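Novice: Any chance you could fold what I've pasted below:
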Amino acid sequence: MCGFAGFLSPSGAGDERLIGAMTGCLRHRGPDASGAWVDAEAGVGLGHRRLSIVDTSSAGHQPMKAGSGRYVLVFNGEIYNHLDLRAELEGEGRAPDWRGHSDTETLVAGFDAWGIVKTVSRAIGMFAFAVWDRQERKLTLARDRMGEKPLYYGWQGQGVDRTFLFGSELRALQAHPSCEAAIDRGAVVQFMRYGHVSGEQAIYCGLQRLAPGCLAEISLSHPNAVVMPYWSAVEAAQQPKTETSLKETVDALDTLLQDAVAKQMLADVPLGAFLSGGIDSSLVVALMAAQSKQPVQTFAIGFREPR
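Specialist: Numbering: from 1, shown residues only. Down below sits the predicted model:
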């Protein structure tokens, strides 16, 4: 787990110290390293806290610039098929001189070669990221298909202090002086009724969560965020299905499960798995143990019925 935060300010206010204050609130998400990048002329700042999993060297440090220098990326999550994407880039002759083997570097290389939308459409994983296009002076936010990784954003402040804020957690946005943190009464009603704030709504007025499977684009010349889906669960479910036998279905499921587990085991640090004691988690751990090149630690989670 990593975390990031940033701002886009029409007044150009903000520096690396401000970014540091925002990402300092996310240290629990990324204790291994921190980084900041600010373009005062463009009014943009990006900050990152890193939990090193893949490529623990400085080659995986963020914010990360693309080889062309056009894109600057802060990223939280993991791209499970990033080695496949690297192979595609190399096969097309569009790979850069790799500095390391992180999935973050694979993403920015994809942006250079295919653009942001086509790259994120090819990416398989759990992720949220913010990328600044220095050529177009445009910020793009993205969230994975299932919404596993959080991403909040919105305009805060008044007049010259009005600033677009974004980040992995609301507490990082609160660290910016423009953040008003005014409680949204409608969100409170949801929380009291359901125990959570649902959908894209956040607890503060003017802030919201990016919907799963979506991209949001914003620039100072077009300050209203344009949200567009790059994947739809409904469309995926409605795709034509081929008739298969029970054995073929079971074999296909087994292949998909083994492939999914194998792709999620890419790490340069020890692996662990949480067990609920059910058949599904036991099966996953068995697959992990069979495919892992290093010991897999397991952690049991106990549940007790309320009395």
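
Novice: beta partners of the residue nearest to the spatial centre of the chain?
Specialist: For the chain, the residue nearest the mean C-alpha position is residue 128 (1.6 Å; C-alpha atoms, centre = their mean). Judged by DSSP bridges, the bridge partners of residue 128 are residue 76, residue 143.

Novice: which residues in the stretch 101-250 of the chain form strands?
Specialist: With strands called from DSSP state E, counting those that start in this stretch, the stretch 101-250 of the chain shows them at 125-133, 138-143, 152-156, 163-167, 208-209, 214-218, 226-229.

Novice: Could you export those strands as TSV, including distance to residue 8 and mean pLDDT?
Specialist: Any C-beta I mention is one placed from the backbone N, CA and C, and that applies to glycine too. TSV is the format used below for the strands of the stretch 101-250 of the chain (distance: least, C-beta to C-beta, whole Å; pLDDT from 0 to 100):
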stretch	distance to residue 8	mean pLDDT
strand 125-133	9	97
strand 138-143	6	98
strand 152-156	9	97
strand 163-167	4	97
strand 208-209	16	96
strand 214-218	7	97
strand 226-229	14	96
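
Novice: Please report how far residue 186 lies from residue 1.
Specialist: Separation of residue 186 from residue 1 (C-beta to C-beta, to the nearest Å) stands at 30 Å.

Novice: same question but for residue 92, I mixed them up
Specialist: Residue 92 is 32 Å from residue 1, by C-beta to C-beta.

Novice: Among residue 186 and residue 1, which residue is more densely surrounded?
Specialist: Taking other C-beta atoms under 10 Å, residue 186 and residue 1 do not tie; residue 1 has more neighbours (16 against 12).

Novice: Show me the one of the strands of the stretch 101-250 of the chain that comes nearest residue 201.
Specialist: Across the strands of the stretch 101-250 of the chain, residue 201 has its closest neighbour in strand 208-209 (6.2 Å, C-beta to C-beta).

Novice: Quick check, residue 67 in contact with residue 97.
Specialist: Yes - if you go by C-beta atoms under 8 Å, residue 67 and residue 97 touch, sitting 7.3 Å apart.

Novice: if you count what's nearby, which of those two comes out ahead?
Specialist: residue 67 (17 against 5).

Novice: Setting aside sequence neighbours, what's the nearest residue to the more buried one?
Specialist: Among residues not flanking residue 67 along the chain, residue 96 sits closest, at 3.7 Å (C-beta to C-beta, 6 or more residues apart in numbering).

Novice: For the one you found, grab the count of nearby residues.
Specialist: For residue 96, using other C-beta under 10 Å, the count is 14.

Novice: With residue 118 instead?
Specialist: Residues lying near residue 118 (other C-beta under 10 Å) number 13.

Novice: ok, so what distance separates it from residue 112?
Specialist: Taking C-beta to C-beta, one finds residue 118 at 12 Å from residue 112.

Novice: can you check residue 30 too?
Specialist: Taken as C-beta to C-beta, the span from residue 30 to residue 112 is 25 Å.

Novice: who has more neighbours, those two?
Specialist: Higher neighbour count among residue 30 and residue 112: residue 30, with 22 against 19, using other C-beta under 10 Å.

Novice: which residues sit in contact with that one?
Specialist: 1, 2, 3, 48, 49, 50, 51 (C-beta atoms under 8 Å, 6 or more residues apart in numbering).

Novice: What's the separation between the nearest residue to it once chain neighbours are set aside and residue 61?
Specialist: Using C-beta to C-beta, 6+ apart and skipping the chain neighbours, the partner closest in space to residue 30 is residue 49 (3.1 Å). Using C-beta to C-beta, residue 49 is found at 11 Å from residue 61.

Novice: I'd say residue 4 and residue 73 touch.
Specialist: No - with contact defined as C-beta under 8 Å, residue 4 does not count as touching residue 73 (9.3 Å).

Novice: can you list residues touching both of those two?
Specialist: Jointly contacting residue 4 and residue 73 under the rule C-beta under 8 Å, 6+ apart are 62, 129, 130.

Novice: ok, for the second one, nearest residue in space, not its chain neighbours?
Specialist: Okay, so that is residue 129. Counting by C-beta to C-beta, 6+ apart, residue 75 is the residue found nearest to residue 129 once chain neighbours are left out, at 4.2 Å.

Novice: ok, now how distant is that neighbour from residue 25?
Specialist: Applying C-beta to C-beta to residue 75 and residue 25 gives a distance of 18 Å.

Novice: Any chance of CSV for the contacts of residue 30, columns distance to residue 103?
Specialist: Output for the contacts of residue 30, formatted as CSV (distance: C-beta to C-beta, whole Å):
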residue, distance to residue 103
1, 14
2, 11
3, 16
48, 14
49, 17
50, 13
51, 13
